[in-house]
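Asks: Mind folding the following:
(chains A, B, C and D)
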2 protein chains.
Amino acid sequence: MINDENTPRIRTERRDAAKNRQLILDTAHRLFEQFGVEQVSMNQIATEAQIGPGTLYRRYRNKGELCQDLIKDSVDLFFEDIEEYLKENGQVPPHQKLKEILSFFIRFREKKAQLLTGVEEAKSTNPLKPRTKSPLYAELHQILVELFDEMEANENTYSQSAFKADMVLMALSSDSYFFQKDVRGYSPEEILELLFITFIVK
Amino acid sequence: MINDENTPRIRTERRDAAKNRQLILDTAHRLFEQFGVEQVSMNQIATEAQIGPGTLYRRYRNKGELCQDLIKDSVDLFFEDIEEYLKENGQVPPHQKLKEILSFFIRFREKKAQLLTGVEEAKSTNPLKPRTKSPLYAELHQILVELFDEMEANENTYSQSAFKADMVLMALSSDSYFFQKDVRGYSPEEILELLFITFIVK
DNA sequence: TTGACAAACGGAGAGGTCTCCATTTAGTAT
DNA sequence: ATACTAAATGGAGACCTCTCCGTTTGTCAA
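Replies: This next block holds a predicted model:
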């Protein structure tokens, strides 16, 4: 039974730091609301919050991390919904569970479009793999893989669950999803259906 | 029989402009070669070429467009290869032609990795859809759609060729492709095989 | 209380993208 | 040759991201 944290000393966050964190979060939330995530710069947030840029960047290395923090609670709720659905529907065929979860995610994506896009564009400073770092991606990937595995349980084909899960999530990235909506003109429901046909049903 | 251009007057490019264009191209090529596309800024190119930033930006709105111009010839050759292959193999089953073309593209992608990534990151300034604008994307999409249609010719399922083509190209975008290589650890051949299994064979 | 010190802070500044516009210049018509 | 004009130029400057580092400030132990 190991302690939750075994680092020598858990220095609690200083009071002024905590206050500033909340100030940043509030300011960002307000500015994002008012001008849209895309239009607001880190600079602007720092200025509006009356803190130095250094202070802002020491806490969030880029706007993506800030968005990540702003959306954290919603993400937690999202996964709770999924867990609950899966727990209550263990006997439902996996392809149906898969579809339902994609539907969950599409709704989530629609509701949190701007912040989610903000999170995904954290590529700056980062040498590679922006999406991997996001816990959202990793956790969702894990869930999809398990469902794909469940689907293939009887077949003896070479497992491509991980790859298929990556493809599905790729298809639901801001980039691809809004391309399908805005350029190809599909509705969220049509996109769900196309994903289902393409990746799930045989 | 309409003339190739029916605009009132085709002002030919001024000599100094043409010279500058070549100067920019040469300078960019050299710097890209030396430091890598990613590491070279528009600023640096302008400075090195001894022209003002304004001059550079009036010709190429961003680094993506510059990369696009630098890679143009290779892209033309790439499509010539494809056309030739398709012309000579009209009777080959479509799924095989598809695989071959994906293989072509993967080789192309490997050879021109940096510039291709540079092209895809032209999202700045642009409100949306970076990939649509690229003629590479559009033309390749068209070819894939035709082959998917050919495959589905006998089946009477709801056509999803356009969507599938988008998904395949998404999977072969820098973002996804190098994620699969660097994080998932797949080789180009394995990626080709996974794409084939996922999108092409029934 | 009072150091001591790590954490937090702020802002100067390096370097980037991109625009604007006064000025220069290549072609063209006279 | 000369004048005209639209294209091309370049650099100042607005605004951005991000780092570095000297200074300030909570926190804790003595």
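
Asks: close to DNA strand C, is the longest helix seen in chain A?
Replies: In chain A, with assignment by DSSP state H, the single longest helix is helix A:63-88. No. On the criterion Cβ under 7 Å from any atom of the strand, helix A:63-88 is out of touch with DNA strand C, staying 13.7 Å away. (Each C-beta comes from the backbone N, C-alpha and C, glycine too.)

Asks: Identify each buried residue in that helix, please.
Replies: A:63-71, A:75, A:78-79, A:82, A:86 (16 or more other Cβ atoms under 10 Å in any protein chain shown).

Asks: ditto for stretch A:92-107
Replies: Within stretch A:92-107, the residues that qualify as buried are A:Pro94, A:His95, A:Lys97, A:Leu98, A:Lys99, A:Glu100, A:Ile101, A:Leu102, A:Phe104, A:Phe105, A:Ile106, counting by 16+ other Cβ under 10 Å.

Asks: what secondary structure does the fifth one sit in?
Replies: To tie it back to what came earlier, the one meant is A:Lys99. Three-state call for A:Lys99 (DSSP: H, G, I helix; E, B strand; the rest coil): helix.

Asks: wait, what's in contact with it?
Replies: The neighbourhood of A:Lys99, defined by Cβ atoms under 8 Å, 6 or more residues apart in numbering or on different chains, consists of A:Leu192, A:Phe196, A:Ile200.

Asks: Was I right to think the first one contacts A:Ser103?
Replies: Yes. At 5.7 Å, A:Leu192 and A:Ser103 qualify as touching, with contact defined as Cβ atoms under 8 Å.

Asks: can you name the two of the buried residues of stretch A:92-107 that are farthest apart?
Replies: Using Cβ to Cβ, the pair of the buried residues of stretch A:92-107 lying farthest apart is A:Pro94 and A:Ile106, separated by 18.5 Å.

Asks: who are the neighbours in contact with the most centrally placed residue in chain A?
Replies: By Cα atoms, centre = their mean, chain A has its centre lying nearest to A:Leu136, at 3.9 Å. Counting by Cβ under 8 Å, 6+ apart, A:Leu136 makes contact with A:Val75, A:Val119.

Asks: What of A:Ile143?
Replies: A:Ile143 neighbours (Cβ under 8 Å, 6+ apart): A:Ile82, A:Leu86, A:Ile101.

Asks: Let me know the closest of the buried residues of stretch A:92-107 to B:Val37.
Replies: Once Cβ to Cβ is applied, the member of the buried residues of stretch A:92-107 that ends up nearest B:Val37 is A:Phe105, at 33.7 Å.

Asks: Next up, the contacts around the closest one.
Replies: Applying Cβ under 8 Å, 6+ apart, the residues contacting A:Phe105 are A:Phe78, A:Leu140, A:Leu172.

Asks: what's the closest of the residues you listed to A:Leu25?
Replies: For these, the nearest to A:Leu25 is A:Phe78 (19.2 Å; Cβ to Cβ).

Asks: Who's the closest spatial neighbour of the closest one, skipping the chain neighbours?
Replies: Nearest non-adjacent residue to A:Phe78, counting by Cβ to Cβ, 6 or more residues apart in numbering or on different chains: A:Phe108, 5.1 Å away.

Asks: pLDDT at that neighbour, what is it?
Replies: A:Phe108 carries a pLDDT value of 98.

Asks: And it, which helix or strand is it part of?
Replies: Under the criterion of DSSP states H and E, A:Phe108 resides in helix A:94-111.

Asks: Quick one: distance of that helix to the chain centre.
Replies: Distance of helix A:94-111 from the chain centroid (Cα atoms, centre = their mean, to the nearest Å) equals 13 Å.

Asks: quick one on the thing from earlier: out of the buried residues of helix A:63-88, flag the one nearest to B:Ser187.
Replies: A:Gly64 (30.1 Å).

Asks: Can you find the helix or strand of chain A with the lowest average pLDDT?
Replies: helix A:130-133 (a mean of 64; mean pLDDT, DSSP states H and E).

Asks: residue ranges for the helices of chain A, please.
Replies: For chain A, the helices defined by DSSP H occupy A:15-35, A:42-49, A:53-59, A:63-88, A:94-111, A:113-120, A:130-133, A:135-152, A:161-171, A:174-182, A:188-195.

Asks: Can you say which of the ones you listed is nearest to B:Gln50?
Replies: Nearest to B:Gln50 among the helices of chain A is helix A:42-49 (31.3 Å), distances taken as Cβ to Cβ.

Asks: any residue of the closest one up close to DNA strand C?
Replies: No. Applying Cβ under 7 Å from any atom of the strand, one finds helix A:42-49 separated from DNA strand C by no less than 8.0 Å.

Asks: For DNA strand D, tell me whether that helix is touching it.
Replies: Yes. Helix A:42-49 is in contact with DNA strand D by Cβ under 7 Å from any atom of the strand, via A:Met42, A:Asn43, A:Gln44.

Asks: where does chain A dip in pLDDT?
Replies: A:1-11, A:123-133, A:154-157, A:202 (pLDDT under 70).
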